[in-house]
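**Q** For reference, the sequence and a predicted model appear below.
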Number of protein chains: 4
Amino acid sequence: MAKIAMLGSGFIGRFYADSLIGQRSRDTIVSIYSRREESAKKFAVDYNCSHWTTNMEEAINHPDVDMVCISLPNNLHEAAVMACCKAKKAVMCTKPLGRNAEEAKRMMEAVEKAGIFNGYLEDLCYTPKFLKALKSVQEGALGRILWAKSRETHPGPHSEWFWDKEQAGGGCILDLGCHCVEIARNFIGKDIKPVEVMCWADTQVKPIDAEDHAIGLVKYENGAIGQFEVSWTFRGGLDLRDEVMGSEGTIWLNSFLRTGFDMFTTGKGADYVAEKAESNTGWLFPVGDELNELGYNHMFADMFNAVEAGKAPRETFYDGYVVNAVLDAAYRSAKSKLWEPVKLDIWRGKEGLAKEKTLTDYNEQYYLIKEEMTHFGTAKLILKDKKTGQIIEKVV
Amino acid sequence: MAKIAMLGSGFIGRFYADSLIGQRSRDTIVSIYSRREESAKKFAVDYNCSHWTTNMEEAINHPDVDMVCISLPNNLHEAAVMACCKAKKAVMCTKPLGRNAEEAKRMMEAVEKAGIFNGYLEDLCYTPKFLKALKSVQEGALGRILWAKSRETHPGPHSEWFWDKEQAGGGCILDLGCHCVEIARNFIGKDIKPVEVMCWADTQVKPIDAEDHAIGLVKYENGAIGQFEVSWTFRGGLDLRDEVMGSEGTIWLNSFLRTGFDMFTTGKGADYVAEKAESNTGWLFPVGDELNELGYNHMFADMFNAVEAGKAPRETFYDGYVVNAVLDAAYRSAKSKLWEPVKLDIWRGKEGLAKEKTLTDYNEQYYLIKEEMTHFGTAKLILKDKKTGQIIEKVV
Amino acid sequence: MAKIAMLGSGFIGRFYADSLIGQRSRDTIVSIYSRREESAKKFAVDYNCSHWTTNMEEAINHPDVDMVCISLPNNLHEAAVMACCKAKKAVMCTKPLGRNAEEAKRMMEAVEKAGIFNGYLEDLCYTPKFLKALKSVQEGALGRILWAKSRETHPGPHSEWFWDKEQAGGGCILDLGCHCVEIARNFIGKDIKPVEVMCWADTQVKPIDAEDHAIGLVKYENGAIGQFEVSWTFRGGLDLRDEVMGSEGTIWLNSFLRTGFDMFTTGKGADYVAEKAESNTGWLFPVGDELNELGYNHMFADMFNAVEAGKAPRETFYDGYVVNAVLDAAYRSAKSKLWEPVKLDIWRGKEGLAKEKTLTDYNEQYYLIKEEMTHFGTAKLILKDKKTGQIIEKVV
Amino acid sequence: MAKIAMLGSGFIGRFYADSLIGQRSRDTIVSIYSRREESAKKFAVDYNCSHWTTNMEEAINHPDVDMVCISLPNNLHEAAVMACCKAKKAVMCTKPLGRNAEEAKRMMEAVEKAGIFNGYLEDLCYTPKFLKALKSVQEGALGRILWAKSRETHPGPHSEWFWDKEQAGGGCILDLGCHCVEIARNFIGKDIKPVEVMCWADTQVKPIDAEDHAIGLVKYENGAIGQFEVSWTFRGGLDLRDEVMGSEGTIWLNSFLRTGFDMFTTGKGADYVAEKAESNTGWLFPVGDELNELGYNHMFADMFNAVEAGKAPRETFYDGYVVNAVLDAAYRSAKSKLWEPVKLDIWRGKEGLAKEKTLTDYNEQYYLIKEEMTHFGTAKLILKDKKTGQIIEKVV
């Protein structure tokens, strides 16, 4: 039964609150901090918070509060985390953790030194589809993972601070890439070290300093590849898709635009307003239950269950730090046009992995390249001689 | 904060329990009744119930219990409901309410006379997709509703009692049609009277007495049509789809087999077991979060919120009674091969509606039949003379 | 190398012509007949016809013509067919063949008596998807066919004569149902006799005398069920879907609105005009190659190949007659509200089939009802005692 | 009316032949050359060729032949092209044109010097979906093109020579990337110069020397990005998808695995054999008409129509050369880990383009960043001050 101080009353803070106190939750938001008094008051009314303030420390230090949820602009995360460390309150921080790995590392080291619970609010690693897909991957349904791609593109964020490089720390790479990198990292294995990154980024459409479109490849020590595709220039809504290739299988997830809900409307039915769509007539693709589909419910359940059990949640500040380190390499690569190493002063997974490779024996003389059905319904093999390297066909 | 007695520890009871005490719920199951001691004990351990019993009344009358959840075979609903009435405990009953309208009506009258809370656990009228679609329909996004179809087909139920006509009261019409009828009724309007039913039913595949495949049309007083397609002979998993046609729009919902989660596996990754699928290799279509997608979470939230607010939930015993009356007509029709009237001794909606009809004026002389774009990019009208009835084309 | 006279220069005639002389075809349209001179001339220019006329017989009797293609309004089919019989020219007729079975029967008997080639232009029984699906069904991939549904709905036809009951012979049942009935009949088996029909029909939206929405069930002698869903009131484009259930499998075909081509446009790119869609902005779902997807290419190839080989094509006037007989029963049923018998004076398929039923033996004592995986990964059987009828569960 | 010599009787030669003489084509294959007599003879019988030979020049020089179709392994293209030049016969060559740009350039220069018709058989730039999508793009439906991705992955090619680096010239980059590069180039504009390439490639699964998985980015002079994703390690069938992002719209094409044809079969229906799938039970996703869906019909129609009209086809040897130059850069990049320049000695498009950038004015003081609907249904603007760079929100 968590008693929460919410820091930040904007779009994401309200989204979190909807989930936190949603359905039959036993958890409550007892204090809300916002920089603007009006906004704090309104939030307090809407979410039934007994206390509101424009003084961040006051919210954190409120005696009823046992857990702090940071949903502030990126440039304010560090100060909020430090205040939680001082107050020894459990802390959850929205994504990305820092504007860069340096900030993230300082936050991680501070919470660990303070010995407080720390959760990284990477909601897209908690969507029901993702959790089930990850379980299948971990049980071996896809064999060895070769590649994991995550794509998040939409027509741009809701609040002005995202578009300001100083406050946000970057553009769509930081805003959206943080999701994509952690999704791919989960599928490939959190204990596998990301070693280098190649990234293209550009400002193709928007009148801003930061990038509005980027594509990156993240190479892992075992030879697997993570890929991210992020943009603020996409037209058509919120495109949220993951793909995983393994030696024995494939997974495709579509988390927003094609989830089995198609609606057409001429718009002549008066009051209808479509959510999150670029228009409110024609074919629309709503999502049934956004809070659940986007992972918020499962994320906060994990956070609170972990706190109560005295364990770490699935996603911690350490994960946030690794993500920031990968994104830093992406930003360097976008400039240098080189594969840039991921700089991880602190690494807690496996070390020194060689690239995995599976040669499938057919018999003593041959490796099996491929087995297939011919048009005639008989099996055909393509084999490679182990010694000569010669490749032959064999009908069996 | 509900304290629940669960009656029945089978497949559906466990599904309910997973939802009831899932995530961060503040509600608890305090007592479990099962006909078999072993089953009651196991359930009590799994769901942390302080009390178990093989005596139904003991569970209901347990002093900690303030709400009863019936998840028993159909032939046992009535006795359980009567015991709740006697104990004046709030009651929720799984679907269908009765094996026929007579049973359902007795239950409805008993709870109303006893003055106890009564909830009808029609989960598919609580799925997130359904709730959002219904809201769009109610706001007018589809204009006037013309037709609402719901389809539920799969390879047959899990427990033996479903296959026994005496215990179940029927076959797939009762088991699955109860969902479909109430879904269509919601879209068309709960205050619109269902007047007659035409139904085809047959036992095409299974060695049973009850029907394993049926299709029905339900005519409403305002001329709208509900349609149900139900079967226990479908191959490929659980097919759960709704379609709605309105004068200004269309809705298509797919709640199970195509929800944006595609997986292929060769099955060589050892331990993997697919859920609810007919095989565990090849292309599979899992659902992210079954409890949420199938409506259990939103259903129980509505139930408990309603109890606490002293209001009726979205779905009550009255709704269960109306559904049973429609299904009774379907069974009669399947035998008589006639459109059979829906016999509703008790009707609480609108009466005496005429068939709706909208004639769109083009001008004083003509009605507008259709407006379309020609290949040449100009608009073409098809018009009908109000007096002569002559139909003409007019390029504008 | 067919030399064709085209009768009719409207929407469907032009569609046919696009296919007939499309790609690298060796066939040509040598004569065009239209009721309006202007229209005949324009068609002749567009499709490079050496001869045009407003006299139907002149086109048919033209010495270069060896094959006639009828694409006239329904009320003019019979006269055109009779003229072909007189001229002993091979004839292909658009769908439906007649306005009712009586007309269709007269046409069928006339061509057979005249001994001329006769082809029924049922394009939707020639779409590539349909042909491949049918082949799978015929090879047994779905086991015994239980149910075949075909749905065609859109916002209404292009030309004024369709909306006039006298010229068209009916509304959407005749216009669209002819496709659906023949599609289902193919899947179930053309040699299986359709015996009775139940149909609901109504004029829900349009200011016309004919029906604009209908749903029908067609019972076949072996117990299989065909289903049609047709409407001129659908919003969102052209909905063209088939579904087949067999004892061992399932087929779902989507031939228009969801074929793997999704496009979103804000509409600010100036000149773009969407085809066949209800709007030209937002999400649109074009079809790659309409002539091929809708079956025209495969249909005419079959027709010409059949003529050249001296064989009957896949779809003949006899098929058109059977379809009309089914639709007549549908119209009668919509009025009488009864299952109406299909009146087939002429029937060339199997007779006296009993309803098929498969009882699967488990062992001497039991029938197998169902086999399934439990959550624990073990197989569970549901069995029925052959003598007592008792139903039990057995874990194996 | 083309008279064709086919060089090569393997998988692709037969595929071509099925299309060339398919449906009602007026074209014929008069001579077949194969390296193996048995194979030549069989092909001649199957496709009704009057002449067969194991001497390539004999086929080319055959007096009836006016056009040559090269469907040989990659290492034999050049010799075949040179023989056509010598014989002054029109030539079409399968993809990729050369094993590298050097070979391709020699072929291009030879055909141009000889003055013969030359067609590049890039079938995936002729699929019906691609052609219609390209038309929409060219008409401006997507605004300015920002990014075009093409993905082709499957479990590996059918014939042994593909797996041999010497004969094939490379692995999946050459085999599949040639399609993807030309698809993206068409969407971005064939007159826009590809300037540099970044590519990751690896041999992750197969026991071969060439790459079996690669991802590449192609930067164009105007700032647009092409992307290819190719693999011989994909599980689940043939994944063939394109995506295009423009400033005003989006296109998604799925050409194989999800085209509106879903089939489930238990496999108990005896004789059924699935095509091109990895299994023949469970959920399968056939394609209706492979020859048409994969572009063969439209490709050959364009080739023959162009020959007859004395014009160049849509895809020429020059295009094949540009593609090879891009792929060469990809191979260099995979080794050097650098963005590698595309070396085009011959370039016939635009030169010296600057990166396009559109700044949308809101008024004199501000640029418009984004316009969106708030939850309250009012419009919100995000604006940037032209002078100060400050970003603000404005509710209108």
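**A** Yep, it's here.

**Q** and the one helix or strand residue A:327 maps to, what other elements does it pack with?
**A** Taking DSSP states H and E as the criterion, residue A:327 maps to helix A:317-336. When contacts are defined as 3 or more CB pairs under 8 Å, 6 or more residues apart in numbering or on different chains; DSSP states H and E, helix A:317-336 packs onto helix A:101-114, strand A:118-121, helix A:172-188, strand A:194-202, strand A:213-220, strand A:340-341. All C-beta atoms are positioned from the backbone trio N, CA, C, and that covers glycine.

**Q** at 6 Å what do you get?
**A** helix A:101-114, strand A:118-121, helix A:172-188, strand A:194-202, strand A:340-341 (3 or more CB pairs under 6 Å, 6 or more residues apart in numbering or on different chains; DSSP states H and E).

**Q** Same list, the ones you listed, but as a markdown table with mean pLDDT, mean neighbour count and distance to residue C:121 please.
**A** Converted to a markdown table, those look like this (pLDDT from 0 to 100; neighbours: other CB atoms under 10 Å in any protein chain shown; distance: least, CB to CB, whole Å):
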| stretch | mean pLDDT | mean neighbour count | distance to residue C:121 |
| --- | --- | --- | --- |
| helix A:101-114 | 98 | 20 | 68 |
| strand A:118-121 | 98 | 27 | 61 |
| helix A:172-188 | 98 | 27 | 52 |
| strand A:194-202 | 98 | 23 | 53 |
| strand A:340-341 | 98 | 17 | 64 |
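
**Q** and of these, who's closest to chain C?
**A** Smallest distance to chain C across the helices and strands packed on helix A:317-336 (CB to the nearest CB): 18.9 Å, for helix A:172-188.

**Q** Get me the contact residues on chain A for chain C.
**A** A:235, A:236, A:264, A:279, A:282, A:283 (CB under 6 Å from any CB of the partner chain).

**Q** Contacts only, for residue A:56.
**A** Residue A:56 makes contact with residue A:33 under the criterion CB atoms under 6 Å, 6 or more residues apart in numbering or on different chains.

**Q** and with 10 Å instead?
**A** A:5, A:7-8, A:33-35, A:68, A:70, A:72, A:76, A:79-80, A:83-84 (CB atoms under 10 Å, 6 or more residues apart in numbering or on different chains).

**Q** Could you report the distance from the closest residue to residue A:332 other than its chain neighbours to chain D?
**A** Closest residue to residue A:332 apart from its sequence neighbours, by CB to CB, 6 or more residues apart in numbering or on different chains: residue A:340 at 4.3 Å. With distances taken as CB to the nearest CB, to the nearest Å, residue A:340 is found 11 Å from chain D.

**Q** who's in contact with residue A:340?
**A** A:196, A:197, A:198, A:199, A:328, A:329, A:330, A:331, A:332, A:333, A:334.

**Q** what pairs with it across the strands?
**A** The partner list for residue A:340 in beta bridges (DSSP bridges) reads residue A:197.

**Q** if I look at it, how far off is residue A:202?
**A** Using CB to CB, to the nearest Å, residue A:340 is found at 17 Å from residue A:202.

**Q** Tell me which residues are up against stretch A:385-396.
**A** In contact with stretch A:385-396 (CB under 10 Å, 6+ apart) are residues A:359, A:361-367, A:369-371, A:374, A:376, A:378-384, D:158-165, D:167, D:207-209.

**Q** Kindly give a single PyMOL line that selects the buried subset of these.
**A** Listed next is the PyMOL selection for buried residues among these, using 16 or more other CB atoms under 10 Å in any protein chain shown:
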select buried, (chain A and resi 362+366+367+369+370+371+380+381+382+383+384) or (chain D and resi 158+159+160+161+162+163+164+165+167+207+208)
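
**Q** touching chain B at all, stretch A:120-133?
**A** Yes - interface with chain B: stretch A:120-133 contributes A:127, A:128, A:129, A:130, A:131, A:132, A:133 (CB under 10 Å from any CB of the partner chain).

**Q** Next up, the contacts around residue A:70.
**A** Applying CB under 10 Å, 6+ apart, the residues near residue A:70 are A:5-8, A:12-13, A:16, A:33, A:56, A:60, A:76-81, A:83-84, A:91-94, A:97, A:107, A:121.

**Q** Quick check on it: phi, psi?
**A** Phi and psi for residue A:70, reported as degrees, to the nearest 10, are phi -90, psi 120.

**Q** List the beta-bridge partners for the closest residue to it other than its chain neighbours.
**A** Spatial nearest neighbour of residue A:70, excluding adjacent residues (CB to CB, 6+ apart): residue A:93 at 4.3 Å. Residue A:93 has these beta-bridge partners by DSSP bridges: residue A:70, residue A:120.

**Q** didn't residue A:93 look like it was pressed against residue A:110?
**A** No - counting by CB atoms under 10 Å, residue A:93 does not reach residue A:110; the two are 11.5 Å apart.

**Q** quick one: secondary structure of residue A:303?
**A** helix (DSSP: H, G, I helix; E, B strand; the rest coil).

**Q** dump the residue contacts of the nearest residue to it once chain neighbours are set aside.
**A** Sequence neighbours aside, residue A:119 is the residue nearest to residue A:303 in space, at 4.5 Å (criterion: CB to CB, 6+ apart). Applying CB under 10 Å, 6+ apart, one finds that residue A:119 lies in contact with A:67, A:69, A:90-93, A:111, A:299-300, A:302-304, A:306-307, A:312-317, A:319-320.

**Q** Mind exporting the C-alpha coordinates of the helix or strand containing residue A:394 to PDB?
**A** Using DSSP H and E, residue A:394 sits within strand A:391-395. Once non-C-alpha atoms are left out, strand A:391-395 reads as follows in PDB (Å, rounded to 0.1, in the frame of the first residue of the first chain):
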ATOM      1  CA  ILE A 391      28.100 -26.700 -51.800                       C
ATOM      2  CA  ILE A 392      25.800 -29.400 -53.200                       C
ATOM      3  CA  GLU A 393      22.100 -30.100 -53.500                       C
ATOM      4  CA  LYS A 394      20.800 -33.500 -52.500                       C
ATOM      5  CA  VAL A 395      17.300 -34.800 -53.000                       C
END
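
**Q** Give the buried residues for that strand.
**A** In strand A:391-395, counting by 16+ other CB under 10 Å, buried: residue A:391.

**Q** Tell me which strands it pairs with, and in which orientation.
**A** strand A:379-385 (antiparallel).
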